[in-house]
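[1] Got a predicted model here, sequence first, then my questions.
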Amino acid sequence: MSDHTERMKTEHAELSIKLISLETFIHGNAKFKSLCSLEQARMIKQSAFMRAYADVLESRIWVS
């Protein structure tokens, strides 16, 4: 396996941990509900972008 594929795998793993943490906060932490609606929307949007990025990385890893 090439070096760049290994780097993508590492990046995907690190991103996945961060995404799980963010989604856990959004869906399971009462503090999230105490945030203003704009901040909640930003965090939800961030998680969607992170998910999309993780999906792209995963697809690139499979074709490498």
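    Okay, I see it.
[2] Please count neighbours and contacts with C-alpha atoms only from this point.
    Fine.
[3] Mind listing what's buried along the helix or strand hosting residue 10?
    Assigned by DSSP states H and E, residue 10 belongs to helix 3-28. Using 16 or more other Cα atoms under 10 Å as the test for burial, helix 3-28 gives 5, 8, 9, 12, 15, 16, 19, 22, 23, 26.
[4] With adjacent residues omitted, what lies nearest to the third one?
    Spatial nearest neighbour of residue 9, chain neighbours left out: residue 61 (6.9 Å); criterion: Cα to Cα, 6 or more residues apart in numbering.
[5] That neighbour: neighbouring residues, count only.
    Residues near residue 61, counting by other Cα atoms under 10 Å, number 16.
[6] In this structure it contacts residue 10, no?
    No. Between residue 61 and residue 10 there is no contact under Cα atoms under 8 Å: 10.6 Å.
[7] which intervals of the chain have sub-threshold pLDDT?
    Low-confidence segments of the chain, defined by pLDDT under 70: 1.
[8] Which strands or helices does whichever strand or helix holds residue 55 pack on?
    Assigned by DSSP H and E, residue 55 belongs to helix 37-63. If you count contacts as 3 or more Cα pairs under 8 Å, 6 or more residues apart in numbering; DSSP states H and E, helix 37-63 packs onto helix 3-28.
[9] so the helix it packs on versus helix 37-63, what angle?
    Computed by axes from the mean of the first three to the mean of the last three Cα atoms, to 10 degrees, the angle separating helix 3-28 from helix 37-63 equals 150 degrees.
[10] For the helix or strand following helix 3-28, what is the distance to the chain centroid?
    Next in sequence after helix 3-28, counting helices and strands by DSSP H and E, comes helix 30-34. Its chain's C-alpha centre and that of helix 30-34 lie 20 Å apart, by Cα atoms, centre = their mean, to the nearest Å.
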